[in-house]
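# need coordinates for the below:
(one chain, ligands or ions: 2)
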Amino acid sequence: MVYCSNCGEKIADDAYFCPKCGTKTPIGKASKAAYPADELRDAFYQVGIELERAFNIAAHETHQAILKARENMQQKPASTQGTVVCSSCGTKNVSGAVFCNNCGAKVASAEESHGSTWKNECK
Ligand SMILES: [Zn+2]
Ligand SMILES: [Zn+2]
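Numbering: from 1, shown residues only. Ligands and ions are numbered 1, 2, ... in the order given. You can find the predicted model right below:
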């Protein structure tokens, strides 16, 4: 019979953990038990394999999807559509940019800049 080093509870000689407080017994420490029961650990290990397999498939599919998306993007004609031109320095920024990538000036969004690219024009 072994006694728990933490709470003094009597523990079975082959137990890895104290049934009362969960403290690892010397046997548990020696066996490097990762969970209260080896069966549970094995179950987790099995699930881990399944998860890893599923993850690998998902990762592969995601990778394929990204490659396809990239192809689609490259097939689109490279036009100024989808870019916002900075009224301060003229740098083309990606659509939706709020601040200029080059000079940091506030860049009007595509909707806002519609018809008023040059703010000095009407003043
Ligand atoms: Zn204990
Ligand atoms: Zn700028």
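# how about the strands of the chain, start to end?
2-3, 10-11, 83-85, 92-94 (DSSP state E).
# with mean pLDDT, mean neighbour count and distance to ligand 1 added, can I get these in a markdown table?
(C-beta placed from N, C-alpha, C; glycine too.) Written out in a markdown table, the entries for the strands of the chain read as follows (pLDDT from 0 to 100; neighbours: other Cβ atoms under 10 Å; distance: least, Cβ to the ion, whole Å):
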| stretch | mean pLDDT | mean neighbour count | distance to ligand 1 |
| --- | --- | --- | --- |
| strand 2-3 | 88 | 14 | 9 |
| strand 10-11 | 91 | 18 | 7 |
| strand 83-85 | 85 | 18 | 65 |
| strand 92-94 | 87 | 14 | 59 |
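# ok, C4 touching K24?
No - counting by Cβ atoms under 8 Å, C4 sits too far from K24 to count as a contact (9.6 Å).
# any shared contact partners between these two?
C18 (Cβ atoms under 8 Å, 6 or more residues apart in numbering).
# out of the strands of the chain, flag the one nearest E61.
The closest of the strands of the chain to E61 is strand 92-94. By Cβ to Cβ, the value is 26.9 Å.
# would JSON lines of the strands of the chain with distance to ligand 2 be doable?
Listed next are those as JSON lines, based on distance: least, Cβ to the ion, whole Å:
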{"stretch": "strand 2-3", "distance to ligand 2": "73"}
{"stretch": "strand 10-11", "distance to ligand 2": "71"}
{"stretch": "strand 83-85", "distance to ligand 2": "9"}
{"stretch": "strand 92-94", "distance to ligand 2": "8"}
